[in-house]
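Asks: Build the 3D model from these lines:
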Amino acid sequence: MTKTSIQVDHIARVEGHGNVHVVIKDGAVETVEMNVVEPARLFESMVRGRSYSEVSYISSRICGICSASHVVTDLKAIERIFGVEPTERTRALRELLIYGSYLQNHATHLFVFAAPDFVGLPSVFPLAESDPALFEQALALKALGNELCTKVGGRSVHPITAVVGGFTHEIGAGEYLELADKMESMIPFVLKTVDLFDSFEVPDIATDGDMLAMVMEGYYPIECADTARFLKAGIEFDANDVDECIEEYAVPHSGALFARVRETGSPYMTAALARINASWAHLSSRAKVAAAKAGLRPPELNPFMNNVAQAVELVDALDRCAGICRKLAADEIPGSSSPVAFEVKAGRGVGFTEAPRGALFHDLTLDGKGRVVRASIMTPTAQNVANLEADMRLLAEKLAGEGRSEDAIRLEIEKLVRAYDPCLSCSVH
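Replies: Residues are numbered from 1 along each chain as shown. Model prediction:
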């Protein structure tokens, strides 16, 4: 009898703290656990009793990278309760704000967290020395995301200008055109990024789980819709019905709740890969060509391809944001971004956006004075952990069946965890 125990006490190059425990006995995988060891951060309790006007500023502190998504998601929930309909211009600004966090996140994940896996390096620092031009362009892309968030949201993290029904400040036409020029200048680099990550060899596995993404007719949505779809099950639902369609549950080895499709019991993945599977046809033409060249077409079920999907989204984001900036500069997007008038009301509403790492839901209940009675936050990583654990088992079984060494199995499992781009700190919120 041979027994192999693979224990990774700290997954490196991810945000937050987590461990992996895998037991293989006589070539058969017995145990696979993704241990999220972060303590609860209690953001849902922090906002209870607070005014609606404070909630988005508090919840944005859940994450430095995804703070823009938390702000906009809260605002959407509050606006559903108050019956506020933002203008088309406000929607465009919110899209820019969230895409700024995409540039921040995807650049960091791909080049700082994921790339060292595929070039045989322990961290990004040797890569910076061996290929300084690549490293400097990656940093420039991250800096552009910071600048976009600062120009639109007032800060590179934890934005302050986005409020219920609009924005308290908007930049001028010249600044929009300058941003558009900078975005277009980065497109050649991100096209090379798609080719780079497509060139890396990854294990051939296919997730058994479902995928979840925001959907909208004729568009690649990240903010402007309230409809979510489980791609495999074909189940569509409005964000307000999230509790009826997604079941969260506790497991003894994780500080984060796990999630599954309530109707089918299946775990699921929500990420760039899910978005591209759902809305591939609505990518920008340049991003679609890059995706096709990389062999990224629906249905793509290999979770390792989430790295390529993020690279494709960088192409799409730069194309899309440059176009939005030029339209805003030319006043081709109607309406004002100034906050619209509204009446404070009691009620419940669920905000829904596509954060960089996947679907994000904020469920708020307010009283007649606009104070929070109840809050629930469902982050992408919290939704992903169950499917990640299932995919770790698939991968371990494949590699064990091939007779791979303990070290090889450990490395590939760590690569898989990083391919999901988890934020384990956010998963316990």
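Asks: center of the protein, which residue is that?
Replies: R357 (1.5 Å; Cα atoms, centre = their mean).
Asks: now that one, nearest residue through space, not along the chain?
Replies: P380 (4.0 Å; Cβ to Cβ, 6 or more residues apart in numbering). (Glycine included, C-beta is placed from N, CA and C.)
Asks: ok, that neighbour - how many residues close by?
Replies: Neighbours of P380 under the rule other Cβ atoms under 10 Å: 28.
Asks: Hmm, it is touching G358, no?
Replies: Yes: using Cβ atoms under 8 Å, P380 makes contact with G358 at a distance of 3.2 Å.
Asks: just to revisit the earlier point, tell me the contacts of the residue nearest to R357?
Replies: Contact analysis of P380 by Cβ atoms under 8 Å, 6 or more residues apart in numbering lists 270-271, 355, 357-360, 423, 426.
Asks: which of those lies closest to S199?
Replies: A271 (20.9 Å; Cβ to Cβ).
Asks: how close does the residue nearest to the centre of the chain sit to I409?
Replies: Distance, R357 to I409, by Cβ to Cβ, to the nearest Å: 25 Å.
Asks: ok, now E129?
Replies: 30 Å.
Asks: neighbour count winner among those two?
Replies: I409 (21 against 10).
Asks: Wait, a strand at the more buried one?
Replies: No: going by DSSP: H, G, I helix; E, B strand; the rest coil, the assignment for I409 is helix, not a strand.
Asks: That one contacts K398, correct?
Replies: No: at 9.5 Å, I409 does not count as touching K398 under the criterion of Cβ under 8 Å.
Asks: In the stretch 1-150 of the chain, what residue spans correspond to strands?
Replies: Under the criterion DSSP state E, counting those that start in this stretch, strands of the stretch 1-150 of the chain are mapped to 3-8, 18-25, 28-36.
Asks: Just the C-alphas of the last one, formatted as PDB.
Replies: Extracted in PDB, the C-alpha atoms of strand 28-36 (Å, rounded to 0.1, in the frame of the first residue of the first chain):
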ATOM      1  CA  ALA A  28      -6.700   6.600  -6.000                       C
ATOM      2  CA  VAL A  29      -7.500  10.100  -4.800                       C
ATOM      3  CA  GLU A  30      -9.200   9.900  -1.400                       C
ATOM      4  CA  THR A  31      -9.200  13.400  -0.100                       C
ATOM      5  CA  VAL A  32      -9.100  16.800  -1.700                       C
ATOM      6  CA  GLU A  33      -9.700  19.900   0.400                       C
ATOM      7  CA  MET A  34      -9.300  23.600  -0.300                       C
ATOM      8  CA  ASN A  35      -8.900  25.100   3.100                       C
ATOM      9  CA  VAL A  36      -9.800  28.800   3.300                       C
END
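Asks: Okay, L141 and L177: tell me how far apart.
Replies: For L141, the distance to L177 - Cβ to Cβ - is 20 Å.
Asks: okay, the two: which has more neighbours?
Replies: Neighbour count, other Cβ under 10 Å: between L141 and L177, L141 has more, with 24 against 16.
Asks: Do I have it right that the more buried one meets H109?
Replies: No: here L141 does not reach H109: they are 11.6 Å apart, not a contact under Cβ under 8 Å.
Asks: Which one of the contacts of P380 is nearest to A40?
Replies: Nearest member of the contacts of P380 to A40, counting by Cβ to Cβ, is C426, at 12.1 Å.
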